[in-house]
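Undergrad: the following comprises the amino acid sequence and a computationally predicted model.
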Amino acid sequence: MRSRLAAVCRYEFRMQIRKRSLWLSTAGLAAVIGLAQGDRGPRHLPDGTAAAHVMAGWALLFSMIVPIGFGMVLADRLVRDQRLGAASLLRSLPTRQGTLVAGKYLGAVAATALPGLLAMLVTAAGEFVNRGDASLFAWAVVAFALVLLPGIAFVAAFALVCPLVLTAPLFRALFVGYWFWGNMLAPNYLPSLTGTLVTPIGDYAASWLMGERALYAGAPGWPAFLRPEPGMTPALISIASLALLALPPLVLAGPLLTRRTSS
């Protein structure tokens with residue numbers, strides 16, 4: 001079972017990592033948000049700012065927009081298998097449907113995460129030139145793992161599975177609307193999930209690393225029980241919650257694929 005899961009994961013990783021759209025969207029979105037961050041962005045933090053604070057700020061900045069590109073790239077992955085006939089070939093292999101879905105998901109997450117990690121390391125190199133602190137590279141990896149990666153895993157699950165029901169173009173349109181409503185719309189303007197434990201932008205984890213409130217984490221709003229004061233425990237709960245929320249679409253993927261095949 002493990003060897004088959006690893007084989008599917010490797011196959012999916014190789015398929016995704018070769019897509020130019022993945023690299024171009026990541027580089028383009030990271031460059032845009034990096035240049036448009038304004039004077040409150042991490043690039044303008046004063047000398048002597050802790051490396052953890054600096055890299056958490058960059059991770060949060062990238063997480064505001066880069067996962068949108070990941071969602072767009074992954075939205076037609078399972079649908080494309082059906083359209084090109086690859087799904088029939090995969091079903092002929094001695095591998096369970098659940099193993100195929102899990103392998104595709106893990107491979108897709110790994111492939112989309114790699115450009116994000118490289119963006120963080122490139123940014124750490126730029127900050128190192130100005131700050132001369134080698135720990136920036138270690139904190140870049142930590143900030144990526146705690147701030148960006150949970151959101152990527154969350155987005156990947158829905159981007160892979162939802163188009164089986166909604167179609168890829170409709171999912172992309174709804175996903176962009178959700179991303180800005182549920183991550184960056186202040187809850188005092190309109191009821192929103194912004195600033196809650198289930199916000200995939202990672203502001204609770206960023207707040208923990210920075211030692212201060214990042215963006216809207218814990219901002220007053222509804223529902224109040226999902227908006228505790230930022231800290232280590234809420235950050236870990238937020239990361240775990242995003243991982244758990246990624247499970248339902250993955251569980252439904254097998255039956256959805258079977259239904260599409262039989263219809």
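TA: Received the coordinates, thanks.

Undergrad: residues near residue 135, how many?
TA: Number of residues near residue 135 (other Cβ atoms under 10 Å) recorded here: 16. In short, each C-beta sits where N, CA and C put it, glycine included.

Undergrad: which residues touch it?
TA: Taking Cβ atoms under 8 Å, 6 or more residues apart in numbering, we find residue 135 in contact with residue 51.

Undergrad: how much space separates it from residue 148?
TA: 19 Å (Cβ to Cβ, to the nearest Å).

Undergrad: can you check residue 112 too?
TA: 10 Å.

Undergrad: now swap in residue 157 and tell me
TA: In terms of Cβ to Cβ, residue 157 sits 15 Å off from residue 148.

Undergrad: ok, the two, which is more surrounded?
TA: residue 148 (28 against 25).

Undergrad: ok, the more buried one touching residue 202?
TA: Yes. Counting by Cβ atoms under 8 Å, residue 202 is a contact partner of residue 148 at 6.3 Å.

Undergrad: give me the common contacts of the two.
TA: Joint contacts of residue 148 and residue 202 (Cβ under 8 Å, 6+ apart) are 59, 63.

Undergrad: now residue 221. Its backbone dihedrals?
TA: phi 170, psi -170 (degrees, to the nearest 10).

Undergrad: and if you look at the one 5 residues further on?
TA: Dihedral pair for residue 226: phi -90, psi 10, per degrees, to the nearest 10.

Undergrad: who are the contact partners of the residue nearest to it when sequence neighbours are not counted?
TA: Closest residue to residue 226 apart from its sequence neighbours, by Cβ to Cβ, 6 or more residues apart in numbering: residue 196 at 4.0 Å. Shown in contact with residue 196 (Cβ under 8 Å, 6+ apart): 221, 223, 226-227.

Undergrad: what count of nearby residues applies to residue 194?
TA: 25.

Undergrad: what of residue 185?
TA: Residue 185 has 17 nearby residues by other Cβ under 10 Å.

Undergrad: please identify the helix or strand for the residue nearest to it when sequence neighbours are not counted.
TA: Closest residue in space to residue 185, ignoring its immediate chain neighbours: residue 192 at 4.7 Å, by Cβ to Cβ, 6+ apart. Residue 192 belongs to no helix or strand when assigned by DSSP states H and E.

Undergrad: what's the answer for residue 252, then?
TA: Going by DSSP H and E, residue 252 is part of helix 247-262.

Undergrad: so which elements touch the helix or strand in which residue 12 is found?
TA: Taking DSSP H and E as the criterion, residue 12 maps to helix 2-17. Other helices and strands packing on helix 2-17, by 3 or more Cβ pairs under 8 Å, 6 or more residues apart in numbering; DSSP states H and E, are helix 97-131.

Undergrad: helices or strands up against the helix it packs on?
TA: Against helix 97-131 (3+ Cβ pairs under 8 Å, 6+ apart) you get helix 2-17, helix 20-35, helix 51-63, helix 66-74, helix 77-84, helix 135-143, helix 149-161, helix 247-262.

Undergrad: ok and the fourth one relative to helix 51-63, angle-wise?
TA: Translated: helix 66-74. Counting by axes from the mean of the first three to the mean of the last three Cα atoms, to 10 degrees, helix 66-74 lies at 40 degrees to helix 51-63.

Undergrad: what stretches of the protein score poorly on pLDDT?
TA: 1-2, 81-95, 260-263 (pLDDT under 70).

Undergrad: state the distance from the spatially most central residue of it to residue 171.
TA: Nearest to the centroid of the C-alpha atoms of the chain, with distances taken as Cα atoms, centre = their mean, sits residue 152, at 1.6 Å. From residue 152 over to residue 171 the distance is 17 Å, taken as Cβ to Cβ.
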